[in-house]
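Engineer: Pasting a predicted model and its sequence here:
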Amino acid sequence: METLNGILTEELNRLKSLKKNYENNLGNLPKGCLIEKEIKGHPYYYLNYREGKKSIFKYLGKLSEEEISQIKNKIEERRKLKRLYIHAKNNITKIEKMSHYTQETLYLSSMTGMRGKIINGLKVPLEDLVDDKDGMVI
């Protein structure tokens, strides 16, 4: 059980490091989407994103095809990193719960006779644990 706890701690540290790295990289990439507006026959570009409830249109000006491509690539990279960030964040939560359950199991297992009681309790059918009157667990 101590080995499992060590593995969980190691994985938790790895995920926290990844999350921090994703946060740093996300801060350096543009969020939102690229909008093209045609004014008097000329294309002008804006970066559209949200700040709270406000929709912001940041003027970028006239852009070359290369600049447009670079901005679109950075926006797509940000979207991918955001998905990875959310995945790492969710996994951190799961591992923290697992670690808590592991600690609880270690504590219960250390109590005299508790291991046998837990094993015997797992053998009891669920139907035997439910009160017939109101369906509550006994």
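Structural biologist: Looks like it arrived, so ask away.
Engineer: gap between the helix or strand harbouring I86 and the chain center?
Structural biologist: In this assignment (DSSP states H and E), I86 forms part of helix 65-110. The chain centre lies 4 Å from the centre of helix 65-110; the measure is CA atoms, centre = their mean, to the nearest Å.
Engineer: okay, the helix or strand harbouring F57 in CSV with CA atoms only?
Structural biologist: Following DSSP H and E, one finds F57 within strand 54-61. These are the backbone C-alpha positions of strand 54-61, laid out as CSV (Å, rounded to 0.1, in the frame of the first residue of the first chain):
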residue,chain,number,x,y,z
LYS,A,54,-17.5,41.5,-22.2
SER,A,55,-16.6,40.6,-25.8
ILE,A,56,-13.4,42.3,-26.8
PHE,A,57,-12.3,43.1,-30.4
LYS,A,58,-8.6,43.9,-30.4
TYR,A,59,-7.6,45.7,-33.6
LEU,A,60,-4.7,44.0,-35.4
GLY,A,61,-4.8,45.9,-38.6
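Engineer: tell me the average confidence for the helix or strand following the helix holding I86?
Structural biologist: Later in the chain than helix 65-110, the nearest helix or strand by DSSP H and E is helix 114-123. Mean per-residue pLDDT for helix 114-123: 80.
Engineer: likewise stretch 46-64?
Structural biologist: 93.
Engineer: Likewise for stretch 23-32?
Structural biologist: Average pLDDT, stretch 23-32: 94.
Engineer: re earlier: from the contact counts, what lies against the helix holding I86?
Structural biologist: Contacting helix 65-110 under the criterion 3 or more CB pairs under 8 Å, 6 or more residues apart in numbering; DSSP states H and E are the following elements: helix 2-27, strand 33-39, strand 42-51, helix 114-123. Every C-beta, even on glycine, is put in place using the N, C-alpha and C of the backbone.
Engineer: for these, which one sits closest to H87?
Structural biologist: Minimum separation from H87 across the helices and strands packed on helix 65-110 (CB to CB) falls at helix 2-27, 9.4 Å.
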